[in-house]
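In: Whatever this is, show me its structure:
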Amino acid sequence: MFEKFDCKVGADLSEYSTMKIGGKARFLLFPKYEKELVEILEICKREKIRTFILGNGSNVLFDDKGFDGAVICLKHLDKIEVRGSFVKVGAGVNLFALNLALQKLGLSGLEWSYGIPATLGGFLFMNGGCFGHEICEFVKEVYVFDGKKFRTIQNEACGFSYRNSKLQKYVILGAKLHLKREKSEKIEQNMKIFYNKKKESQPLDLPSLGSVFKKVDANPEIHPAKLIDKMGLKGVKIGRAEVSKKHAGFIVNLGGATSEDVLALTSFLEGELKKQGTYVEREIVVLREGQDE
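Out: Numbering: from 1, shown residues only. This next block holds a predicted model:
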């Protein structure tokens, strides 16, 4: 069925998530270009095979039981094309590689994202951000496949909001970003500053999925990590999953954690926050057999 494509059968999904957790996928496919992606999606639709589009797996918790469908990884959609101060970037380009490329090109604006283990596609999907910035600030247009045809969606039609967008109903193929000219040395300096800030405050030495919960829209806004810290829940463990001692917004894998460990700890934190009158929304994506949430 997928003989002509780069396909792994029974691939271990834990190798494709920054949390290092997950069972086996029935199929794991790596389309080399957009035409292959469309062919794969058409086959899956015809054969009634469930699909999941994967970037770098930096906010996806895979079930230990695996996934009886096709996980489609877009890492080969990784072209970077420069036209003046505009850069066309494929969805599969990870933010480390993108920042290093932009630094050499003398294009500034995304230094704050250096050190985030995500692909551009995933970052667009959730309108990712940190340090007061969001990717939507730099987007001119986004390229998608809507299940029937390729489309170009202008920024204002993307429906970007805090950790959300209207792009989630499409397969994101890439985007055109608007940046500004700057000396490469200055860009490199900024990248180091932002990376060091992450290193000082986040548990980069342990597998995680980044922030577990979104901040709560209130006046003033509520940061769940601060409440979790205030409640003294840093270091709380269920199985081999732990609330990071370094940053209370992260759940880390101490080695050998299961998806059930992580979900149980996530639910425990939600319950404790609810007792404080705070209702939170998860930032992580949980892919379970029969559903994703």
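In: what comes up buried for stretch 181-190?
Out: Neighbour-count burial for stretch 181-190, with 16 or more other CB atoms under 10 Å as criterion, is recorded at Glu182, Ile187, Glu188, Asn190. (Each C-beta comes from the backbone N, C-alpha and C, glycine too.)
In: Redo those residues as a markdown table? Include distance to Phe213, pLDDT and secondary structure.
Out: Formatted as a markdown table, these follow (distance: CB to CB, whole Å; pLDDT from 0 to 100; DSSP: H, G, I helix; E, B strand; the rest coil):
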| residue | distance to Phe213 | pLDDT | secondary structure |
| --- | --- | --- | --- |
| Glu182 | 34 | 97 | coil |
| Ile187 | 32 | 98 | helix |
| Glu188 | 33 | 98 | helix |
| Asn190 | 28 | 98 | helix |
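In: ok, which pair from these is furthest apart?
Out: Spatially, the most separated pair among these is Glu182 and Glu188, at 10.1 Å (CB to CB).
In: Please list all residues in contact with Val89.
Out: Lys79, Ile80, Glu81, Leu98, Leu120, Gly174, Ala175, Lys176, Leu177 (CB atoms under 8 Å, 6 or more residues apart in numbering).
In: element containing the fourth one?
Out: Remark: Leu98 resides in helix 95-105, with elements defined by DSSP states H and E.
In: helices or strands up against that helix?
Out: When contacts are defined as 3 or more CB pairs under 8 Å, 6 or more residues apart in numbering; DSSP states H and E, helix 95-105 sits against strand 80-83, strand 86-90, helix 120-126, helix 184-201.
In: Quick one: residues contacting Val9.
Out: Per CB under 8 Å, 6+ apart, neighbours of Val9: Arg26, Phe27, Leu28.
In: So which of these belong to strands?
Out: When the contacts of Val9 are checked against strands (DSSP state E), the matches are Arg26, Phe27, Leu28.
In: sorry, back to before: JSON lines please, covering the contacts of Val9 and showing pLDDT, neighbour count and distance to Gly106.
Out: Shown next, in JSON lines, are the contacts of Val9 (pLDDT from 0 to 100; neighbours: other CB atoms under 10 Å; distance: CB to CB, whole Å):
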{"residue": "Arg26", "pLDDT": "97", "neighbour count": "15", "distance to Gly106": "45"}
{"residue": "Phe27", "pLDDT": "98", "neighbour count": "23", "distance to Gly106": "41"}
{"residue": "Leu28", "pLDDT": "98", "neighbour count": "24", "distance to Gly106": "37"}
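In: Which of those lies at the shortest distance from Leu233?
Out: Leu28 (35.5 Å).
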